[in-house]
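Asks: Sequence and computational prediction follow.
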Amino acid sequence: MSGSPAVLMRLVASAFTVAEKAGAIVRNVLHSGELGIVEKTGANDLQTLADRVAQQSICASLSKRFPKVTIIGEEDLPAEEIKDDLIENGQAEDILQKTCPAEYTGLKEEELVVWVDPLDGTKEYTEASRCLRVPPETQNLSRGLDPSEPLSTAPWLLDNVTVLIGIAYGGRAIAGVIHQPFYNYQLGAGANLGRTMWGMLGVGAFGFKLQEVPDGKRIVTTTRSHSNKQVTDCVDAMEPHEVIRVGGAGNKIIQLVEGKASAYVFASPGCKKWDTCAPEAILHAVGGKLTDMHGNAYSYDANVKHMNSAGVLATLRNHEYYISRVPQSVQQALK
């Protein structure tokens, strides 16, 4: 490879290692047992110490290396000096070796917008912590389970948790990183926790095995904790053979690309740009599509409203079928 890698490739390579650093922070806070939970707008909109520290690490690390990039994080945090041990300076070498698509080779830092969700699935993260009694000196998440806890708070909820870093240019999500901090947690002591997937338009998606739901089978994934009649009516209108209710926008896109679901349906406001930018980029990199409930693309410019106010519909294939099934009442409600 001749010359220095393009800015976009360097930014994605940094986002990869930064997301893994954030994942370690998320795990460490859980292990400490001191989650530092606060309610932002209610019981279904929580913030933990992990959200706060992980975002500080992500934003400070990327800003240090790419000072002209616009970075927008979910958490509204006060400006403060960031400790050196929160800064991640590494880059994923295999990403730097990839060829940047010609249309992106000349991009400048100031043309790029990064959307950050430091801990997607915070509600599931806090619920899972209730049945984990993990001694601080161990990293083994298979120990310390309380058998009296209901299944609704079982540690499988940790699968819902992701770190999301999305990169946009010209309002379009063009690259993204999804890190699952607790991937492999069920394997117990000695397991290599966590996995990171990334994707870029014109390059592809990596870190997982792309699979599809068998033809003719409709499996819809939707919200686990933010449902209402409008969401339920829309899901029912898709005539699904099965409905999977899980937490986290990043996790729902993982359901699509790993062949566990054929559509992600959320017919309600609530999702924000930091929830969907990275997942959308990875989904688009493998030929999928993410739109609002009218079939319109979302913009990820720095000055757009953060709320995805017209809902979210994402598919790997057959997007038009699912759009055609959205009830008129839902479309009217989500104008």
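Replies: Nice, thanks for sending it over.

Asks: From now on I want contacts and neighbour counts done on CA atoms only, so please keep to that.
Replies: Noted.

Asks: Quick check: buried residues in stretch 194-203?
Replies: For stretch 194-203, the neighbour count (16 or more other C-alpha atoms under 10 Å) marks 194-202 as buried.

Asks: Pull the residues that contact it.
Replies: Around stretch 194-203, the neighbours that count as contacts under C-alpha atoms under 8 Å, 6 or more residues apart in numbering are 16, 19-20, 23, 98-101, 174-185, 205-208, 281-285.

Asks: go with 7 Å
Replies: 101, 174-184, 205-208, 281-282, 284-285 (C-alpha atoms under 7 Å, 6 or more residues apart in numbering).

Asks: Okay, and which of those residues map to strands?
Replies: Among the contacts of stretch 194-203, DSSP state E puts 174-180, 205-206 in strands.

Asks: Now render those as CSV, adding neighbour count, pLDDT and distance to residue 321.
Replies: As requested, the ones in strands among the contacts of stretch 194-203 are exported to CSV (neighbours: other C-alpha atoms under 10 Å; pLDDT from 0 to 100; distance: C-alpha to C-alpha, whole Å):
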residue, neighbour count, pLDDT, distance to residue 321
174, 25, 98, 25
175, 32, 98, 26
176, 31, 98, 26
177, 33, 98, 28
178, 29, 98, 27
179, 30, 98, 30
180, 25, 97, 30
205, 23, 98, 25
206, 17, 98, 27
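
Asks: Between which two of these is the distance greatest?
Replies: Within the ones in strands among the contacts of stretch 194-203, two members stand farthest from each other by C-alpha to C-alpha: 174 and 180, at 20.3 Å.

Asks: so where do the helices sit in this protein?
Replies: Taking DSSP state H as the test, the helices found in the chain are 7-32, 49-65, 93-96, 122-129, 229-237, 249-257, 273-285, 319-324, 328-333.

Asks: how many degrees apart are the fourth one and helix 7-32 in direction?
Replies: Spelled out, it's helix 122-129. Orientation check (axes from the mean of the first three to the mean of the last three C-alpha atoms, to 10 degrees): helix 122-129 against helix 7-32 gives 30 degrees.

Asks: same for helix 122-129, what does it pack against?
Replies: strand 45-47 (3 or more C-alpha pairs under 7 Å, 6 or more residues apart in numbering; DSSP states H and E).

Asks: try the first one
Replies: Using 3+ C-alpha pairs under 7 Å, 6+ apart as the contact definition, the elements that helix 7-32 packs against are helix 49-65, helix 93-96, strand 162-169, strand 172-180.

Asks: nearest to residue 107, of the helices of the chain?
Replies: Nearest of the helices of the chain (C-alpha to C-alpha): helix 7-32, 6.7 Å.

Asks: Can you check what angle separates that closest one from strand 172-180?
Replies: Going by the same axes, to 10 degrees, helix 7-32 makes 30 degrees with strand 172-180.

Asks: Quick check: the residue most central in space within the chain vs residue 53, distance?
Replies: Geometric centre of the chain, nearest residue: residue 250, 3.2 Å, by C-alpha atoms, centre = their mean. Separation of residue 250 from residue 53 (C-alpha to C-alpha, to the nearest Å): 20 Å.

Asks: ok so, going back, in CSV, list the helices and strands packed on helix 7-32 along with distance to residue 230.
Replies: Below are these laid out as CSV (distance: least, C-alpha to C-alpha, whole Å):
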stretch, distance to residue 230
helix 49-65, 29
helix 93-96, 42
strand 162-169, 26
strand 172-180, 27
